[in-house]
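A.B. asks: Here is a sequence together with a model predicted from it:
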Amino acid sequence: MKLKHMLRSPQGIEELFNKYVIDGKVYTTDDLSFLVDLVHIFRPVNIKKVQRVSIDPLLVFLQAHDKQRLALENYLKDLLSGRRFSRLASDAGILQDSDFFYEVKKRMWAKVLPYQPEKNTQEYVLNQVFYKQTDAQWIDLIPMEQLLCLYNILNFNDVFSTINEDGALSELLTSIGLITQRMSGRAMESYIIRMVPEYSHLESPFLALENEFMEVEQDIRNKKYAYLIKDDINYKQLVVLHKQCIEFVNQAFKNSSKFGISIKVNQSLLRLRQQLYRVDILLNLLVVEQDEVELKKINSIELARKLIEYNCYKYNVSGLIKESTQLISYEITQHTAKTGEHYITNSPSEYWQMFKGSMGAGIVVGFLCIFKVIAHKADVSAFGEAVLYSLNYAFGFCMIYLLGFTLATKQPAMTAATIIKAIENGRKQHIESGDKHIGFAKLFARLFRSQFIAFIGNVILAFPIALILVWGIDQAFEINIVSDNWEKMLIDSDPIESRALFHAGIAGIFLFLSGIISGNISNRNKHNKVYYRIQEHPWLKRNLGKARTEKFANWVDVKWPGVMSNIWFGIFMGTCGVLGTFLGLGIDIRHITFVSGNIALGLYGSGFEASASLMIWAFIGLWLIGFMNFMVSFSLSLLLAFRSRNIPLSETKELAKATWRYFKNFPMEFFLPTASSAVDKPATNKATKNKDNDSGKDLTNKSLEGH
């Protein structure tokens, strides 16, 4: 403990040197312990509270003690000489595999048990000395003038002093060459070329970049020159080709709106983009103006800083997930935006049309409630019960979808991306924060009243239909199928006596996931050209005819994502309760429409003798469950849309304020359509589509800049 406190103080530098330096030489139990303790002196306890890190105490000590300075100089030169770093510079922090989940798993495991490189490499030294991820941050907080002073005191040689095989310049060239070769091969893969048909008949810019750099590398190794100059034709040619490679990748990302994109293609393009960014940084380290000695030293220091940074962030998981999921989430929300626009009513006629559609869904749900009770009474295992529940839900949801009916709370998962357009428009307006999100507030009011009328439509028929059906069964077969569990049905809706709101939140998560599935399947079908493959299928054209085959292809293209989304939503809803019982977690689902049917069944099962308090709390729970379904589903979808457009979460505060102000001024617009609200419907024309395409381009550019 005494040594720890001593090293935390800059005054501990003298004690540290006295401990390790004897007779002008550094003596350590292992090669790195002195350097580890020296770095530990300056490592901040909390990097977030530090704006500048000073190494002045070390500089002053070395200038005043020549013997210790010489000992440190010889120690560091012996320690670092001959250690290779080309693999670190070319690999660290860059995607190594196109399998996203494998890459995440590998990095998470490496955080627990890091891979240890060979002891003769620079990476081994950095692993042992700068072993915290925050080390790269505080190293960047050391002023360059102090680092230059330390560089001069220790008489270090710059990168360009020698081109020996194990020298720093040779390693730097090797790392750039490795990256250009890998990029050239990856960019020629068929699934990459398919994303950029514009380049199919042109020479690959990646191959041209590789060949151009090979010539530059050969000239440097042959000692024609030791560095690059910005005005030199070789450097200018590298810059032009590098820019063409970036345009290639950006075009591929932009074309994802036309061709779709898979996880594998997305990861491969991300890898190319990361490698291009790395090449840009490493090439700039080779650039020196007019043989400036000071700039050579600065480039050498920057190389050391970059190696520390790459090593610290090579197992970064959050950055990988953030970058890897951004474009996929963008494409998914683009699909749900197109699908979800008709869920937001504008005019009174659309509002009442939504009411009629939701009433149709209420009828279907009334039957589903009865079928679920029958399935519950079936003499099957818990697994069999889950299967029956899932089939019941999936069949019912698909029927609602294919008949054009509207299930309450299904809208939020499909409309969040539509709302994000209003947020983006508001952010572009350079006006006071209180007014810039008025468009969002108006759109949210339309969504809320659409959701409100869908609630009413679902509940107003699910309740009586379930009641009529259970009465009909009782009359026909003289069996009251809910006589033994009516009380549980009512208590399950009570927000005080049960976990109804928690279970409603789980249902909201499943609603969100169903929207994700719909968008993902649509994106995947587009990428795999499913519509075109069905349309031109020779067997189908011969047996069904061209017109019917095209109609079938169109049905698959438009309806299949929704069908699969509803099937999976049914599976989630059907298995949750059984899985919760099996795991002892007490999880289940509550959905407003099914709860209204269950209340009707509970009322009938009690012989219409349920207590008033039980019924009142059940109906209160009904609306709270609906609100929870809506808020959880919508919030998660909105977060995904925020993520896909790179909008900060802090924006939600301004959105909430704008919505509250609008509600206070026009409360009725959140429940009923008005004459003024009917004019706020957003246009969906070619300009909007072009804007979406530009947004995709902006997305890729922002990702490259922020990498």
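C.D. replies: Alright, I've got the coordinates.

A.B. asks: all helices of the stretch 301-450 of the chain, in order?
C.D. replies: 317-340, 348-377, 382-402, 412-428, 433-436, 438-477 (DSSP state H, counting those that start in this stretch).

A.B. asks: between those, which gets nearest to residue 635?
C.D. replies: Nearest of the helices of the stretch 301-450 of the chain to residue 635, taken as CB to CB: helix 412-428 at 8.4 Å. The C-beta positions use only the backbone N, C-alpha and C, and glycine is treated the same way.

A.B. asks: what is the rounded mean pLDDT of that closest one?
C.D. replies: Helix 412-428 carries an average pLDDT of 65.

A.B. asks: roughly how far apart are residue 450 and residue 669?
C.D. replies: Distance, residue 450 to residue 669, using CB to CB, to the nearest Å: 12 Å.

A.B. asks: oh sorry, the question was meant for residue 361
C.D. replies: 24 Å.

A.B. asks: same question, residue 134
C.D. replies: Counting by CB to CB - residue 134 and residue 669 are separated by 49 Å.

A.B. asks: between the two, which one's more packed in?
C.D. replies: residue 669 (21 against 15; other CB atoms under 10 Å).

A.B. asks: Output stretch 210-220 as PDB - backbone C-alpha positions only.
C.D. replies: What follows is stretch 210-220, C-alpha atoms only, in PDB (Å, rounded to 0.1, in the frame of the first residue of the first chain):
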ATOM      1  CA  GLU A 210      -2.600  -1.200 -53.800                       C
ATOM      2  CA  ASN A 211      -0.400  -1.000 -56.900                       C
ATOM      3  CA  GLU A 212       0.400   2.700 -56.400                       C
ATOM      4  CA  PHE A 213       1.400   2.100 -52.800                       C
ATOM      5  CA  MET A 214       3.600  -0.800 -53.700                       C
ATOM      6  CA  GLU A 215       5.600   1.500 -56.000                       C
ATOM      7  CA  VAL A 216       5.900   4.100 -53.200                       C
ATOM      8  CA  GLU A 217       7.000   1.400 -50.700                       C
ATOM      9  CA  GLN A 218       9.600   0.000 -53.100                       C
ATOM     10  CA  ASP A 219      11.000   3.500 -53.700                       C
ATOM     11  CA  ILE A 220      11.300   4.100 -49.900                       C
END
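
A.B. asks: buried residues in that stretch?
C.D. replies: 210, 212, 213, 216, 217, 220 (16 or more other CB atoms under 10 Å).

A.B. asks: Contacts for that stretch next, please.
C.D. replies: 163, 169, 173, 176-177, 180-181, 183-184, 225-228, 234, 237-238, 241 (CB atoms under 8 Å, 6 or more residues apart in numbering).

A.B. asks: Go through these and flag which are in helices.
C.D. replies: 169, 173, 176, 177, 180, 181, 183, 184, 234, 237, 238, 241 (DSSP state H).

A.B. asks: Go ahead and confirm the last one touches residue 204.
C.D. replies: No - between residue 241 and residue 204 there is no contact under CB atoms under 8 Å: 10.3 Å.

A.B. asks: Next, show the common contact partners of the two.
C.D. replies: By CB under 8 Å, 6+ apart, no residue touches both residue 241 and residue 204.

A.B. asks: separation between the residue nearest to residue 193 when sequence neighbours are not counted and residue 268?
C.D. replies: Nearest residue to residue 193 in three dimensions, chain neighbours excluded: residue 200, at 6.1 Å (CB to CB, 6 or more residues apart in numbering). Separation of residue 200 from residue 268 (CB to CB): 17 Å.

A.B. asks: Those two: which has the busier surroundings?
C.D. replies: residue 268 (22 against 8).

A.B. asks: residues in contact with that one?
C.D. replies: With CB under 8 Å, 6+ apart, residue 268 has these contacts: 98, 186, 189, 191, 192.

A.B. asks: same question, residue 294
C.D. replies: Per CB under 8 Å, 6+ apart, neighbours of residue 294: residue 148.

A.B. asks: a helix runs through it, doesn't it?
C.D. replies: Yes - counting by DSSP: H, G, I helix; E, B strand; the rest coil, residue 294 is part of a helix.

A.B. asks: ok so, going back, filter the contacts of stretch 210-220 to the buried ones?
C.D. replies: Counted by 16+ other CB under 10 Å, those give 169, 173, 176-177, 180-181, 183-184, 226-228, 234, 237-238, 241 as buried.

A.B. asks: Residue 501: which of those is nearest?
C.D. replies: For these, the nearest to residue 501 is residue 183 (52.1 Å; CB to CB).

A.B. asks: Skip the chain neighbours and tell me the closest residue to residue 484.
C.D. replies: residue 605 (7.8 Å).

A.B. asks: And the one you found, what's its pLDDT?
C.D. replies: 93.

A.B. asks: Thought residue 479 was touching it, still the case?
C.D. replies: No - the criterion here is CB under 8 Å, and residue 605 misses it with residue 479 at 11.6 Å.

A.B. asks: out of those two, which sits in the busier spot?
C.D. replies: residue 605 (25 against 12).

A.B. asks: Which of the buried residues of stretch 210-220 sits closest to residue 41?
C.D. replies: residue 220 (38.0 Å).

A.B. asks: tell me which element the closest one is part of?
C.D. replies: Per DSSP states H and E, residue 220 falls inside helix 205-221.

A.B. asks: average pLDDT for that helix?
C.D. replies: 94.

A.B. asks: What of stretch 312-330?
C.D. replies: Stretch 312-330 carries an average pLDDT of 78.

A.B. asks: For that stretch, what is the distance to the chain centroid?
C.D. replies: 7 Å (CA atoms, centre = their mean, to the nearest Å).

A.B. asks: On the pLDDT front, check the residue nearest to residue 445 when sequence neighbours are not counted for me.
C.D. replies: The shortest distance from residue 445 to any residue other than its chain neighbours is 4.6 Å, reached at residue 669 (CB to CB, 6+ apart). Residue 669 is assigned 89 on the pLDDT scale.

A.B. asks: Now do the SS call for residue 669.
C.D. replies: Going by three-state DSSP: residue 669 is helix.

A.B. asks: residue ranges of the strands in this protein, please?
C.D. replies: 21-22, 25-26 (DSSP state E).
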